[in-house]
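A.B. asks: structure of the sequence below:
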Amino acid sequence: MKFFFSALFVLPTILFSNFLQESINAAPPYATLKLQDGIYKGNIYINKPLTIEGVGQHVILQGDAKGSVVVIRSSHVILKHLSIINSGMKMQQIDAAISMKQVQNCEISYCKLSHVLYGIDMDRVNSSVIAHNYITTKKNDLPLRANALKLYYAHHNIIQANIIENVRDVTLNYSHYNLFKENKFIGNRFATHLSLSHNNRFIQNIYKYNSVAMMFMGAKNTQVQQNQILSSNGAAGIGVMIGNVENFIFQNNRVSFNAKGLYIQGAEKSKGMKRYLQNNEIAYNAEALHFHASIKDNTIIHNKIYGNIDDVVKDVGGNFNTSNSVKYNYWDRYDGFDKNGDGIGDIPYRVYQHADLLWHENHKVKFFYAAPILTLLDFLLKLAPFIEPNLIMEDKKPLIEYK
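C.D. replies: Here you go, the predicted structure:
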């Protein structure tokens, strides 16, 4: 049985009594409440399976600037076609547009969340769908903004086709087997930040104008495929930050117009291949691949790396480790030949640190990067080095042509 609620007239102002909460209380489980255009009083509490659907063009749930606008404490709750605004502003109690805790099989779709502190707080939420929503937060200074999505011990969820704009972060903590697909992340701080979260997939998402598009810290069995990671903001704008990962698959992505394309932490103590970078286009970044600590345990094959100011940067001492597998990449700086015409260079492509050491390890010198004196020094050291340069990358089978 379904219970239908339809407003009899368009509500021009906020309802003084919480008629929506009264309707929720009166509705049987699995009822559907259909709302016409109007402004409905928020701070509602849902503790039974229920669907609330806006059937008008301007169905607004407005909180009283205290607490969360919608609190969901039951599984099988669906919210669709709603505008949710005006949460409280207390970080410590995670005031949000939608607060979900210990539920599963819920759906939030085609909603607009704005003028709120947090967007959706997903605390122990499983097997739920967050799709086709627009999420932004109150326009505070960036440190005082909160997360669009906060996943905590949240597993097997689908986050799809959302636009997430001008928020602080999207975070996953101890959250496994989630799918992020076809979302747009625009103008955020850490657009997606994983910590100790495993078996997650990121497919066909678009990232633009974020400080850091993607950050992976302590993540296992992660797949990042067919994403566009573009124009990370600031002098240290990072496309992808990879730290302490295992079985990290980064495949068929485009990484362009970032200060640092991929920033890779290679200080893991355990042995074995950690990162697989395959079939990506890494182009027009200041630094294509920036390694912190050692360069080891990487498979880097069939990538197109061109138009970058630097192909490979390493900011601490040490040489290229034999645990890497680097081959069949296209590098626009490769100046070798292909005598037998097999499409593979006759000699390896090697990246050394020469005078670059001056500014790789002392960023004050970077101000003079590309200045005539530094360029001349770099050329002379390559021509007749008086100290042994560091080999930081070797592609044993570089491709000759860009395809």
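A.B. asks: quick one: low-confidence parts of this protein?
C.D. replies: Residues of the chain meeting the criterion pLDDT under 70: 1-17, 268-270, 317-319, 354-388.
A.B. asks: how about the helices of it, start to end?
C.D. replies: With DSSP state H as the criterion, the chain has helices at 19-26, 356-360, 372-383.
A.B. asks: now residue 65: how far from residue 108?
C.D. replies: 21 Å (CB to CB, to the nearest Å). All C-beta atoms are positioned from the backbone trio N, CA, C, and that covers glycine.
A.B. asks: out of these two, which sits in the busier spot?
C.D. replies: Looking at residue 65 and residue 108 with other CB atoms under 10 Å, you find the greater number of neighbours at residue 108, namely 28 against 17.
A.B. asks: so the more buried one touches residue 98, yeah?
C.D. replies: Yes - between residue 108 and residue 98 there is a contact at 6.3 Å, judged by CB atoms under 8 Å.
A.B. asks: can you check which residues contact both of these two?
C.D. replies: Shared contacts of residue 108 and residue 98, defined by CB atoms under 8 Å, 6 or more residues apart in numbering, are found at 79, 120.
A.B. asks: residue contacts, the residue most central in space within the chain?
C.D. replies: Residue closest to the mean C-alpha point of the chain, counted by CA atoms, centre = their mean, is residue 192 at 2.9 Å. Residues near residue 192 by CB under 8 Å, 6+ apart: 170, 172, 180, 185, 202, 213, 214, 215.
A.B. asks: show me which of these is closest to residue 78.
C.D. replies: Using CB to CB, residue 180 comes nearest to residue 78 of these, at 20.6 Å.
A.B. asks: start to end distance for stretch 18-36?
C.D. replies: 16 Å (CA to CA, to the nearest Å).
A.B. asks: quick one: distance of it to the chain centre.
C.D. replies: Taking CA atoms, centre = their mean, to the nearest Å, one finds stretch 18-36 lying 36 Å from the centre of the chain it belongs to.
A.B. asks: pull out the buried residues from that stretch.
C.D. replies: 18, 20, 21, 23, 24, 27, 31, 33, 34, 35, 36 (16 or more other CB atoms under 10 Å).
A.B. asks: quick one: contacts for residue 292?
C.D. replies: 263, 264, 265, 266, 267, 314, 315, 316.
A.B. asks: what is it paired to in the beta sheet?
C.D. replies: The partner list for residue 292 in beta bridges (DSSP bridges) reads residue 265.
A.B. asks: for it, give its distance to residue 191.
C.D. replies: Separation of residue 292 from residue 191 (CB to CB): 20 Å.
A.B. asks: now swap in residue 397 and tell me
C.D. replies: Counting by CB to CB, the gap from residue 397 to residue 191 is 34 Å.
A.B. asks: I figured residue 397 hits residue 345, correct?
C.D. replies: Yes - judged on CB under 8 Å, residue 397 makes contact with residue 345 at a distance of 7.3 Å.
A.B. asks: which one of these two has more residues nearby?
C.D. replies: A count of neighbours by other CB under 10 Å puts residue 345 above the other of residue 397 and residue 345, at 20 against 15.
A.B. asks: how far away is that one from residue 126?
C.D. replies: 50 Å.
A.B. asks: swap in residue 256?
C.D. replies: Where residue 126 is concerned, residue 256 sits at a distance of 36 Å (CB to CB).
A.B. asks: need the buried ones from the contacts of residue 192 selected in PyMOL.
C.D. replies: In PyMOL, this line selects whichever of the contacts of residue 192 come out buried by 16+ other CB under 10 Å:
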select buried, resi 170+172+180+185+202+213+214+215
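A.B. asks: show me the contacts for residue 123.
C.D. replies: For residue 123, the contacting residues are 99, 100, 101, 102, 150, 152, 153, 154, by CB under 8 Å, 6+ apart.
A.B. asks: for the closest residue to the first one other than its chain neighbours, phi and psi?
C.D. replies: Once its chain neighbours are removed from consideration, residue 99 has its nearest residue in residue 68; the separation is 4.0 Å (CB to CB, 6 or more residues apart in numbering). Reported as degrees, to the nearest 10, the phi and psi values for residue 68 are phi -90, psi 150.
A.B. asks: so how many other residues sit close to residue 68?
C.D. replies: Neighbours of residue 68 (other CB under 10 Å): 27.
A.B. asks: wait, it sits on residue 100?
C.D. replies: No - Residue 68 is beyond contact range of residue 100, at 9.6 Å (criterion: CB under 8 Å).
A.B. asks: now the common contact residues for these two.
C.D. replies: residue 121.
A.B. asks: quick check: buried residues in stretch 333-343?
C.D. replies: Buried residues in stretch 333-343 (16+ other CB under 10 Å): residue 334.
A.B. asks: hmm, I was thinking of stretch 175-187
C.D. replies: When burial is assessed from 16+ other CB under 10 Å, stretch 175-187 yields the following buried residues: 175, 176, 177, 178, 180, 181, 183, 184, 185, 186, 187.
A.B. asks: tabulate those (a markdown table), appending distance to residue 308.
C.D. replies: A markdown table is the format used below for the buried residues of stretch 175-187 (distance: CB to CB, whole Å):
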| residue | distance to residue 308 |
| --- | --- |
| 175 | 33 |
| 176 | 34 |
| 177 | 34 |
| 178 | 32 |
| 180 | 27 |
| 181 | 28 |
| 183 | 26 |
| 184 | 25 |
| 185 | 23 |
| 186 | 24 |
| 187 | 24 |
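A.B. asks: for residue 282, see how far away the nearest residue to residue 289 once chain neighbours are set aside is.
C.D. replies: Take residue 289 and drop its neighbours on the chain: the residue closest to it by CB to CB, 6+ apart is residue 312, 4.9 Å away. Residue 312 sits 11 Å away from residue 282, going by CB to CB.
A.B. asks: all set, thanks.
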